[in-house]
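S.K.: This is a predicted model, with the sequence first.
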Amino acid sequence: MPQFTFSVTEQLIPNQDYTDKKKQLRIHVDNMRADDDEFYALINNIIVGEDQKGKIIDAMKKETTARKDRDESIYTDVISKINKAVNSFNEQVADMKKQRLSVTYEDKTE
């Protein structure tokens, strides 16, 4: 008797969307960014607000601006990586909820 096999991929468990995790992770980044903004505002008030002048003050302004720009770049990179990580996690979980099934049967009509 001839045997036949067919294979299918079935989703055994419904998919769940984890994009809400992005928001939860971004909250922490936003909190760090707010703390940094407050810190840089304090530094700026001390340097500029008190009308300080001189080479040391100019160097401090330059270093503060460079550090703030670098920190902002890091935050942007972290947000991008959060998005990629959560998207990848979504895909991995969805793949694990699927199962490849093979069915073999005999044709007894002959």
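M.R.: Yep, that arrived. Numbering: from 1, shown residues only.
S.K.: Remind me what the lengthiest helix in the chain packs against, helices and strands.
M.R.: Taking DSSP state H as the assignment, the helix of the chain that covers the most residues is helix 55-96. Helices and strands touching helix 55-96, as assessed by 3 or more CB pairs under 8 Å, 6 or more residues apart in numbering; DSSP states H and E, comprise helix 20-44. Yep, even glycine has a C-beta here, placed from its N, CA and C like the rest.
S.K.: packing partners for the helix it packs on?
M.R.: Contact analysis of helix 20-44 by 3+ CB pairs under 8 Å, 6+ apart lists helix 55-96 as its packing neighbours.
S.K.: Return the distance of the helix it packs on from the chain's centre.
M.R.: Relative to the chain's own centre, helix 55-96 is displaced by 10 Å; criterion: CA atoms, centre = their mean, to the nearest Å.
S.K.: Need the contact partners of the following helix or strand past it.
M.R.: Per DSSP states H and E, the first helix or strand lying C-terminal to helix 55-96 is strand 98-106. Surrounding strand 98-106, the residues in contact under the criterion CB atoms under 8 Å, 6 or more residues apart in numbering are 1-12.
S.K.: Out of those residues, the closest to Gly49 would be?
M.R.: The shortest approach to Gly49 among those belongs to Gln11, at 61.1 Å (CB to CB).
S.K.: ok, now which ones touch Val29?
M.R.: Listed by CB under 8 Å, 6+ apart, the contact set of Val29 reads 75, 78-79, 82.
S.K.: Buried by neighbour count: which residues of stretch 37-51 qualify?
M.R.: Buried residues in stretch 37-51, defined by neighbour count with 16 or more other CB atoms under 10 Å: 43, 47.
S.K.: can you tell me the helix or strand for Val8?
M.R.: Val8 is part of strand 3-11 when elements are defined by DSSP H and E.
S.K.: Compute the inter-axis angle for that strand and strand 98-106.
M.R.: Relative orientation of strand 3-11 versus strand 98-106 (axes from the mean of the first three to the mean of the last three CA atoms, to 10 degrees): 160 degrees.
S.K.: Fine by me, we can end here.
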